[in-house]
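K.L.:
Sequence plus the predicted model coming up.
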Amino acid sequence: MTLTIVTLLPGLQNTNGDAENATVLVRRAQWAGLDARVIAVDSRDDLPERVDAVVLGSGSDSSLEASRDALLTMHDELRVWGTEGIPILAVGTGWELLSWGIERADGSSLEGLGVLPGRAVPRGARVTGDLVVASSRFGLLVGFENHARDYVGAEGSPLGRVRSGSGNGRDGGQEGVVMGAVIGTHLHGPVLAKNPAFADQLLGMMAQRSGLEYAPGERAALVDGYAAAARDAQLGAARAAASVDDA
Amino acid sequence: MRYAPAILVGRLTRFAARLRKPGGGSAVPGLVVNRIAPGYMKRTLSGFPQGLVVVSGSSGKSTTTKMLVAILRAHSVDVFTNPSTANISQGLTSALLERADWQGRVPGEVAVLEMDEGHGALVMQGVDARVVALTNVMVDQIDRFHDSEMVAGMLGRIAARAHEAIVVNADDAYLERLAAKAGPDVAVHRFGVSAEVLARSPRGLGYTETSTTRLGEGSGIVVASVDGASALLHDGAASVDVRLPARGTHYAVDAAAAYATAKAVLGERFSPVTAADALSAIPAVFGRGERVRVRGQEVEFVLVQNPASYQLNVDSIEPGTEQILFAIGSDVRDPSYFWPTDASSLGRVAIVSGSKAPEAALMLAYDGVEIDRVEPDLGRALDEFLAAPEPKHGLKTIVFSADAMRRTRAHLGLTGAE
């Protein structure tokens, strides 16, 4: 039995390396002695028969419409995966496309797939920087954010509380949205590598659905040491920034 | 006479800066002159008798500029150019001041400037260029340029200043779209690679969007083939052999860009033989695939600046190279956008260092690279790396980001640290 992780639209939606989270899941599964593979899906025809997890990264604003149209061809599948408890990690504009829709600064809007509650709304200026989020389910999440829009309507089930950074914005102090195993977040880049506990939770769900056992492998312990050092460095920087803000 | 007072103040500032930091160059004199004589840079740039040539783009502009200057000088043209570290406004004015007489006049028949794609659009306001050459559009450090549309927009504003010709990379779809918008009086010259060269680059050329078709023979300067550190350029019916400053298709593309631009600048005076000789005589480029003798041993320096150059340079490291030091500094604030690259060909890295060492180690580990140790202190990492016995296979190789490169050169007492 091979765990199959689908990366959706890696050509259009991998600006910040978010699609690499699929590889992170595969590597960790392999280190745990499980068979796993990544399947890149650019259109419905590429979909494998069985899907154990889905990663959808962030792209450039100019490709929003093309990406949305490609995702629409897989609308039913996305709904079914969400209902069945298959983990879906959607980052940045990938998350926005799964929402009710995206409102642009010029007043126009783009309808989303409505898989996740809430919608993306314009913010004053793009925010880039460290983002630290305390999540009751996934632990202390550390990463980067880089987005030009806020997110409203996720207040009922956010991913966690913002410790440092902007997150969903509008001074709500919240970040991301979670519906069952479908997760939307601004934490871009290899968030699952930087936050191994988050990755292992998703792998645990995948394994359980497939009747497998997942326990992190030996190599994971070594590699997670690098992640811990990177997290510490970033938490130190975020704390320093926070203390300047407080002053 | 108009700028004499400003030039004097700039000179004095430079003198003061040198007293404070002996031997150091500084952007401060430029800053001062730009403040007290805001028109100086524009007037001077527009005042060269044979005009101004600007080279910009995401990647390869330094190499292309150096190659272009070498070709023009080989044709006995007196060229003013800027050092690649001075490609933004203050640095550019400082570079002009270095060469200016007391009235602010800068000698030279033609100016060839490497222009930062971000600052170029601003610097070029009100400045007319004869020829603008554009290398490519790639995603740069994510903190700076959020997407390729933005980079293309900035390059478009620089290209709009050309009144005689623009020279574009035909393999870059963004640049081809820019070329399509050129005015009726502006000639468009092209360079690009052959289908064979593209096919032999399994990861492509690194451009954000590669054109679907290749440049036809006779439609521009075509890189027909690349073999290690040599390349064959086709210029219409002529075949031109050039030796490159290091292995790599991107150097061949830079050479084609410089060749095409020199041809546009020189017109009838251009000689393919002189151009080929000038290109072949260029020494290894600073910091990229550069071989240096340090502490009694040969060391190879490999500079990585963006994901595309990272991939190309990592791929060009001889497989099986035994001793690699990998150092990423604070200039890479968020390494996320490097993750789509693949460094698995490195196999094993002896030391990962720099202020972003843990981030770099994490990325390499997920690429399947074995890491012997992580030592964030770059000085200590360098000392230990160089003290280790010579490798049996390959050269000691140091892969670094620009910030880590500066610190490495300073630590080893190499010139050109800044």
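P.N.:
Sure, I can see it.
K.L.:
Tell me the buried residues in the longest strand seen in chain A?
P.N.:
Ranked by residue count under DSSP state E, the longest strand found in chain A is strand A:119-135. Buried positions in strand A:119-135, judged by neighbour count with 16 or more other C-beta atoms under 10 Å in any protein chain shown: A:Arg119, A:Ala120, A:Val121, A:Arg123, A:Val127, A:Thr128, A:Gly129, A:Asp130, A:Leu131, A:Val132, A:Val133, A:Ser135. From N, CA and C alone the C-beta is placed, and that goes for glycine too.
K.L.:
what's the closest of the residues you listed to chain B?
P.N.:
A:Thr128 (5.8 Å; C-beta to the nearest C-beta).
K.L.:
And the strands in the stretch 1-150 of chain B?
P.N.:
When assigned using DSSP state E, counting those that start in this stretch, the strands of the stretch 1-150 of chain B occupy the ranges B:52-56, B:79-81, B:110-114, B:129-134.
K.L.:
For the last one, enumerate the helices and strands it packs against.
P.N.:
When contacts are defined as 3 or more C-beta pairs under 8 Å, 6 or more residues apart in numbering or on different chains; DSSP states H and E, strand B:129-134 sits against strand B:52-56, helix B:148-159, strand B:162-169, helix B:249-266.
K.L.:
Name the stretch from these where average model confidence is lowest.
P.N.:
Note on the helices and strands packed on strand B:129-134: helix B:148-159 shows the lowest mean pLDDT, a mean of 86.
K.L.:
Looks like B:Gln323 contacts B:Ile398 (just checking).
P.N.:
No: with contacts defined as C-beta atoms under 8 Å, B:Gln323 does not count as touching B:Ile398, sitting 9.4 Å away.
K.L.:
of the two, who's got more company?
P.N.:
Between B:Gln323 and B:Ile398, counted using other C-beta atoms under 10 Å in any protein chain shown, the more crowded position is B:Ile398 (28 against 23).
K.L.:
any low-confidence regions in the stretch 151-300 of chain B?
P.N.:
B:284-289 (pLDDT under 70).
K.L.:
ok, which stretches of it are strands?
P.N.:
Under DSSP E, counting those that start in this stretch, the stretch 151-300 of chain B gives strands at B:162-169, B:187-193, B:221-227, B:230-235, B:238-243, B:288-294, B:297-303.
K.L.:
Which of those sits closest to B:Phe270?
P.N.:
Among the strands of the stretch 151-300 of chain B, strand B:230-235 comes nearest to B:Phe270, with 9.6 Å by C-beta to C-beta.
K.L.:
which ones are touching the residue of chain B found nearest chain A?
P.N.:
With C-beta to the nearest C-beta, the shortest gap between chain B and chain A falls at B:Ser336, namely 2.5 Å. Applying C-beta atoms under 8 Å, 6 or more residues apart in numbering or on different chains, we find B:Ser336 in contact with A:Asn16, A:Gly17, A:Asp18, A:Phe144, A:His188, A:Gly189, A:Pro190, B:Ile142.
K.L.:
all strands for chain A, in order.
P.N.:
So, for chain A - with DSSP E - the strands run A:2-8, A:35-41, A:53-56, A:88-91, A:101-103, A:109-111, A:119-135, A:139-152, A:160-164, A:174-175, A:177-179, A:182-185.
K.L.:
Which positions in chain A make contact with chain B?
P.N.:
Neighbours of chain B within chain A, by C-beta under 8 Å from any C-beta of the partner chain: A:14-20, A:23-24, A:27, A:60-62, A:126, A:128, A:144, A:146, A:148, A:188-190, A:193-194, A:222-223, A:226-230, A:232-233.
K.L.:
Let's see that with 7 Å instead.
P.N.:
Counting by C-beta under 7 Å from any C-beta of the partner chain, the residues of chain A close to chain B are A:14-17, A:20, A:23-24, A:27, A:60-62, A:126, A:128, A:144, A:146, A:188-190, A:193, A:223, A:226-227, A:229-230, A:233.
K.L.:
Buried members of those residues into ChimeraX, please.
P.N.:
This is the ChimeraX syntax for the buried subset of these, where burial follows 16+ other C-beta under 10 Å:
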select /A:14,15,16,17,20,23,24,27,60,61,128,144,146,188,189,190,193,223,226,227,229,230,233
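K.L.:
ok so, going back, can you lay out the buried residues of strand A:119-135 as CSV showing pLDDT?
P.N.:
Below are the buried residues of strand A:119-135 laid out as CSV (pLDDT from 0 to 100):
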residue, pLDDT
A:Arg119, 96
A:Ala120, 97
A:Val121, 97
A:Arg123, 94
A:Val127, 92
A:Thr128, 89
A:Gly129, 90
A:Asp130, 93
A:Leu131, 96
A:Val132, 96
A:Val133, 97
A:Ser135, 96
